[in-house]
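Student: got a predicted structure here, sequence first:
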Amino acid sequence: MVSIVTDLMAVTTGKKITKPNGNHTKSEKNLTDGGQHGAGAHSRASKGTGLRMLDSPIASDVTKEPGQEGVVILITVRFREFVLTQQHPYVPRDLHLPDYVPCFLSQREIVLPYLVASLLLVTLIWLLSGRCSTITKTDRLLMCWWAFTGLTHIILEGYFAFTPEFYKEKTPHYLAEVWKEYSKSDSRYVSRDAAVVTAEGITAAIEGPACLLAV
């Protein structure tokens, strides 16, 4: 059994890995497969060698199949972090986001529930406020607005402010998906910029409840 520490640049540029076999070398399967496969890629095996790449770059090694002669390639922590930071869709591309998990939901699946919930809320406030004959239509519209914006601040922005590692969420949690998608337009959110987190925290803790009190 031969232990090989993979070279970072060799792997990322798509070069093949070889192992000694007497005076000869035998090419193994290209680990990056053209650089197109990410953390969710399926295991791949090289014929006749027992070389098996694990499902995720988070894994620390490549092991041999039982009963077969193979090699164990130790993938360094530096390489794993490099792979993970290159898989996110945010700018700058070298933004360090270890253990980033891609979105489970599409934009449509994120936006539609938000629109439906918002319309139901506004409709409910409008109908309830109509029971009081002394409230003008302008006041009723303002009540709808304050209720909508207040709950948005508390629920959406509150989740962001107090969940620093939402981008690591491994289940299709709706609020985490919202911020993964929203961060594509402003990566300061996913990178936890101090000014953004502070502003959103104040908005969620103070402005949100104040809006509901205005209703």
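Tutor: It's in.
Student: okay, domains of this structure per the record?
Tutor: Using automatic domain parsing, the domain ranges for the chain come out as 3-85, 107-214.
Student: in this structure, which spans are helices?
Tutor: With DSSP state H as the definition, the chain shows helices at residue ranges 8-12, 77-85, 107-129, 137-151, 158-162, 174-182, 194-202, 208-214.
Student: for those, give me TSV that also has distance to V101 and mean pLDDT.
Tutor: C-beta here means a position set from N, CA and C on the backbone, and glycine is covered the same way. TSV is the format used below for the helices of the chain (distance: least, CB to CB, whole Å; pLDDT from 0 to 100):
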stretch	distance to V101	mean pLDDT
helix 8-12	21	44
helix 77-85	10	49
helix 107-129	15	96
helix 137-151	27	96
helix 158-162	16	97
helix 174-182	8	97
helix 194-202	20	97
helix 208-214	28	96
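Student: now these in JSON lines, with mean neighbour count?
Tutor: Shown next, in JSON lines, are those (neighbours: other CB atoms under 10 Å):
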{"stretch": "helix 8-12", "mean neighbour count": "15"}
{"stretch": "helix 77-85", "mean neighbour count": "16"}
{"stretch": "helix 107-129", "mean neighbour count": "13"}
{"stretch": "helix 137-151", "mean neighbour count": "16"}
{"stretch": "helix 158-162", "mean neighbour count": "19"}
{"stretch": "helix 174-182", "mean neighbour count": "19"}
{"stretch": "helix 194-202", "mean neighbour count": "13"}
{"stretch": "helix 208-214", "mean neighbour count": "15"}
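Student: including distance to H96, could the ones you listed go into JSON lines?
Tutor: Compiled in JSON lines, the helices of the chain are given as follows (distance: least, CB to CB, whole Å):
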{"stretch": "helix 8-12", "distance to H96": "16"}
{"stretch": "helix 77-85", "distance to H96": "5"}
{"stretch": "helix 107-129", "distance to H96": "25"}
{"stretch": "helix 137-151", "distance to H96": "33"}
{"stretch": "helix 158-162", "distance to H96": "19"}
{"stretch": "helix 174-182", "distance to H96": "16"}
{"stretch": "helix 194-202", "distance to H96": "16"}
{"stretch": "helix 208-214", "distance to H96": "31"}
